[in-house]
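What follows is a protein structure lacking sequence information:
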């Protein structure tokens, strides 16, 4: 039973539906799996704190390379929010301002030639975070380390902006194309 | 070794500070008048104790999306006002994530009175993470054409029952799934929230 017409969906949701209905998506089961993963939650698996000298040394090295100071190592399981999820078995790092968590963004775009992610975490620069095509040929991924917080973002697929089909959408549409929202939280 | 570490740490701090300063710059493409206007807006927000990161981010977003300078200035000013209104509603101690989510909720049509209730549910203060997640979920429901009042009431009832972050996340995913299956958003929200909160008291 359908109690609404697809062409009357809001633009942001219609884009998400379009992405999910691409011809090369193999099955409804695959889509359900994406939604299941979208609803899953990162679970804290294990926390290991480095000894102080090693933490300082690692922090200095990391800060010199990327502005982050690693003072602890935390493991998180797969399956966090939406297509943006905390990756499995990847070390989290911590800055002086708080924890930084590895977040993996992924989107299904089998026919795309290039995909990147833009958002509050990279000054909306499409060249900053290009995504890599996964071995399955249809999914694009990138991992980003983010401090705890709230971020607006979107995918840029062959030069066209699209919201994350599996993430909550933002209210303000100041510039004509919708954004997705990501809450990065510690546990 | 100790001196080397201190020197390296100082370098890292300087490097990090420079990187952070760079991350807070307005986009190069903006005209000088627009840049001056935005800098005044951002300085005012900073003086008022509001988080200014989202204002820089909004300007960068506008540049990427090809918006004109006037449109970017309007969007940044509007966001600054929403952040101030959000802080008045949810409290001065709220962190940046909550303020940004609350500003988004105001932009979605939630009233300041309702926003205040959401931030201070009967069951006690939710964590910043839970409140931010709840507000993001609320906004998402509104973007999917759930009436604002219904979405607000639904999220309020979950907050009153101390719903967890993952319960809000799973609510959104369940409603998405229902909509994809052809269900009306309102009907889905009513049923999914009732399943999490139980029948209304008689």
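Right, received. Where do you want to start? This one's a predicted model, so the numbers in the text were calculated from it and none came from an experiment.

Next, find the distance separating residue A:106 from residue B:191.
Look at residue A:106 and residue B:191: by Cβ to Cβ, to the nearest Å, they are 30 Å apart. Where you see a C-beta, it was placed from the backbone N, CA and C, and this is true even at glycine.

my bad, should have said residue B:149
Distance from residue B:149 to residue B:191, by Cβ to Cβ: 17 Å.

So for residue A:106 and residue B:191, which residue has more residues nearby?
Regarding residue A:106 and residue B:191, a neighbour count based on other Cβ atoms under 10 Å in any protein chain shown identifies residue A:106 as having more, with 23 against 14.

Do a quick rundown of the helices in chain B.
For chain B, applying DSSP state H gives helices covering B:2-23, B:32-47, B:53-64, B:69-90, B:96-108, B:112-119, B:128-143, B:148-160, B:165-180, B:185-197.

Now for the chain, the helix or strand with the poorest mean pLDDT.
All of this refers to chain A. Every helix and strand in chain A was compared by mean pLDDT, DSSP states H and E; the lowest is strand A:73-76, with a mean of 21.

nope, chain B please
Taking mean pLDDT, DSSP H and E as the measure, chain B has helix B:2-23 as its least confident helix or strand, at a mean of 46.

Looking only at the top strand by length along chain A, what residues are buried by neighbour count?
With DSSP state E setting the assignment, residue counts place strand A:98-108 as the longest strand in chain A. When neighbours are counted by 16 or more other Cβ atoms under 10 Å in any protein chain shown, the buried residues of strand A:98-108 are found to be A:99-108.

In its sheet, which strands sit next to that strand, and in what direction?
Sheet neighbours of strand A:98-108, with direction, are listed as strand A:84-86 (antiparallel), strand A:93-95 (antiparallel), strand A:139-147 (antiparallel) (DSSP bridges).

Please verify my assumption that residue B:129 contacts residue B:168.
No - here residue B:129 lies out of contact with residue B:168, judged by Cβ atoms under 8 Å, at a distance of 10.3 Å.

With neighbour numbers in mind, choose between the two.
A direct count of neighbours by other Cβ under 10 Å for residue B:129 and residue B:168 places residue B:168 higher, at 26 against 21.

Kindly report which one of the helices of chain B carries the lowest mean pLDDT.
By mean pLDDT, the lowest-scoring of the helices of chain B turns out to be helix B:2-23, with a mean of 46.

so what secondary structure elements neighbour whichever helix or strand comes after the longest strand of chain A?
Later in the chain than strand A:98-108, the nearest helix or strand by DSSP states H and E is strand A:115-119. The helices and strands touching strand A:115-119, judged by 3 or more Cβ pairs under 8 Å, 6 or more residues apart in numbering or on different chains; DSSP states H and E, are strand A:139-147, strand A:149-157.

domains in chain B, as residue ranges please.
According to automatic domain parsing, chain B is divided into the following domains: B:30-90, B:93-202.

Out of those, which is closest to residue A:117?
If you check each of the domains of chain B against residue A:117 by Cβ to Cβ, domain B:30-90 wins as the nearest, at 11.8 Å.

does chain A sit close to that closest one?
Yes - against chain A, domain B:30-90 shows contacts by Cβ under 8 Å from any Cβ of the partner chain at B:53-54, B:56-58, B:60-67, B:71, B:74-75, B:78-79.

Within its local environment, how many residues does residue B:152 see?
Around residue B:152 there are 23 other residues, counting by other Cβ under 10 Å.

Please apply the same query to residue B:178.
Residue B:178 is surrounded by 17 other residues when neighbours are defined as other Cβ under 10 Å.

now chain A, which segments are flagged as low pLDDT?
A:1-98, A:172, A:186-187 (pLDDT under 70).

Repeat the analysis, applying 80 as the threshold.
For chain A, the stretches flagged by pLDDT under 80 are A:1-99, A:172-173, A:185-187.

so what's residue B:99 closest to, chain neighbours aside?
residue B:86 (5.1 Å; Cβ to Cβ, 6 or more residues apart in numbering or on different chains).

In this structure residue B:87 contacts residue B:51, no?
No - counting by Cβ under 8 Å, residue B:51 is not a contact partner of residue B:87; they are 9.3 Å apart.

Now do the contacts for the residue nearest in space to the middle of chain B.
What sits nearest the mean C-alpha location of chain B, by Cα atoms, centre = their mean, is residue B:101, with 1.9 Å. With contacts defined as Cβ atoms under 8 Å, 6 or more residues apart in numbering or on different chains, the neighbours of residue B:101 are A:150, A:181, A:183, B:131-132, B:135-136, B:139.

okay, now the spatially closest residue to it that is not a sequence neighbour: neighbour count?
If the residues on either side of it in the chain are set aside, residue B:101 comes closest to residue B:135, at 3.8 Å by Cβ to Cβ, 6+ apart. Per other Cβ under 10 Å, the neighbour tally for residue B:135 reads 34.

Repeat that for residue A:139.
Neighbours of residue A:139 under the rule other Cβ under 10 Å: 18.

Which strand residues bridge it?
Residues in a beta bridge with residue A:139, per DSSP bridges, are residue A:108.

ok, it - contacts?
A:106-109, A:133.

Tell me the one of these nearest chain B?
Looking at the contacts of residue A:139 and their distance to chain B, the nearest is residue A:108, at 14.4 Å (Cβ to the nearest Cβ).

returning to that earlier point: now the residue nearest to residue B:101: how far from residue B:184?
Look at residue B:135 and residue B:184: by Cβ to Cβ, they are 23 Å apart.

And for residue B:33?
In this structure, residue B:33 and residue B:184 are 47 Å apart, going by Cβ to Cβ.
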